[in-house]
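# This is the structure alone, sequence omitted:
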C-alpha cells in the first residue's frame, strides 16, 4: 500500500512539473528588490551620490571611532635582515613606528630586475600567529604566500604584522585585544589595524622604488575584510581585492561576533546595541561603496558559513555595482562567488593578481596581440 501511494505521489509531481513547464511564457526580467536597496534611496544621479557619500563616510569613521587614533609618528624605518630569493627579489625584515611608543614588523619584498618605479601592494594576512611569515611563503600554506607570488610578478610588496600577531603577540596570546583596549579604551580594533595599514602605505610611498600612484591592497579572511576597510579609509589605494571577507551586520545570525566580549574584539562599543537587536548605522554595502570609483574586487564562497547569509552577499554586491554605474566606472568593480568554502585556491589567487595587473600596471602589461605568422 505504501509503495502504491509513493508511486502515485511521484506521478502527480511529474504531471505538475510538466504542466508548469508547458505554461512557461516569454516575459521581461523582473526588477530585483532587496533590503540592500537602501544604499541608493533617493539617489538617481552622480550628483545625488556625491551628496550621500560624505554622510556615509562620516558614519564609517564613527564606526571605526577614528577620532581616537593617535598622531602619526615618524616612521624610523629599520632593516633587520635581507635575503635574495631565487635571484628574483629581495626580502627584507623591517620595522617602523605606528605609535609614539609602538613599532610593527613587516616583510618587504623588492623585485631585483625592475626598471624605474614599480607598483606596490599591501598584502594582509588572516588570523594566523605568524601571519607575515605565511604571507612571505616561509611557513604553513603556500596558497597564502602573496608576497612571494606578487614579487615574482614584479611588485614591491609590504606584508605587515597584524597588531596582535607575529612580533607583537601579547602575553595573553595571539589575537588577544585586551591590552589594546586598556591602552585605547575609546578606539576600535578595526580602527587600529586600518590606521596601521594606512601607515604601511606611507612607508611604501616613501620608497624610491615605488610608484606612489599605483598602490593596491589584497588579503584573505581577516586580511580580506581588512582590505575593504583600508580601501574605504585611504583613497591612495588604487586597486583592492578581498577574499572571504566575513559576513556583514545585516541578515547575519552571528552578528554579535563583531563585538565579542573576549579574545579578538572588533568593535567594542557596538555590543550593547547588537545585544538589543540594533545594528550600526552603516553596513558593508555602504563601506564598499565608499571605495568607488576606485577598483574593488570581492571574492566570496556560498558555502563559507551560513549559506543564506552568503546568498545575501550577491544581492548586496549587485547594489554596490549600481554606485559604480553612477560613477561611470563599472569596469572598476567585480565580484566572484565560488564553492571553495573559506579558502584562497588557484582561481581566486589568479583573479586577485590579474586584478592588480589590470589596474596597477601599464596597459601594455596585460595587452594581447595577434599571431604574426
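It's in. These figures come from a predicted structure and were not determined experimentally.
# Low-confidence stretches in the stretch 251-373 of the chain?
Within the stretch 251-373 of the chain, not a single segment meets pLDDT under 70.
# Let me see the ranges of the helices in it.
When assigned using DSSP state H, counting those that start in this stretch, the helices of the stretch 251-373 of the chain occupy the ranges 271-275, 284-289, 307-326, 346-360.
# ok, and which of those helices has the densest surroundings?
helix 284-289 (a mean of 25; mean count of other Cβ atoms under 10 Å). No exception for glycine: its C-beta is placed from N, CA and C like everyone else's.
# Check which helices and strands that helix sits against.
When contacts are defined as 3 or more Cβ pairs under 8 Å, 6 or more residues apart in numbering; DSSP states H and E, helix 284-289 sits against helix 46-64, helix 222-233, helix 307-326.
# Could you list every helix and strand in contact with the longest one?
To tie it back to what came earlier, the one meant is helix 307-326. Contact here means 3+ Cβ pairs under 8 Å, 6+ apart; on that basis helix 307-326 packs against helix 46-64, helix 284-289, strand 295-301, strand 333-338.
# From the rest of the structure, what touches the second one?
When contacts are defined by Cβ atoms under 8 Å, 6 or more residues apart in numbering, helix 284-289 is touched by residues 36, 39, 53, 56, 59-60, 228-229, 232, 248-249, 296, 298, 316-317, 319-320, 323.
# ditto for the last one
Among residues not part of strand 333-338, those counted as contacts by Cβ under 8 Å, 6+ apart are 292, 295-302, 310, 313-314, 317, 320-321, 324, 345, 347-348, 351, 355.
# hang on, the earlier thing: could the helices and strands packed on helix 307-326 go into a markdown table alongside distance to residue 182?
A markdown table is the format used below for these (distance: least, Cβ to Cβ, whole Å):
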| stretch | distance to residue 182 |
| --- | --- |
| helix 46-64 | 19 |
| helix 284-289 | 27 |
| strand 295-301 | 35 |
| strand 333-338 | 39 |
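# Which among those is found nearest to residue 237?
With distances scored as Cβ to Cβ, the stretch of the helices and strands packed on helix 307-326 nearest to residue 237 is strand 295-301 (8.9 Å).
# tell me the angle the closest one makes with helix 307-326.
Angle, strand 295-301 to helix 307-326, by axes from the mean of the first three to the mean of the last three Cα atoms, to 10 degrees: 160 degrees.
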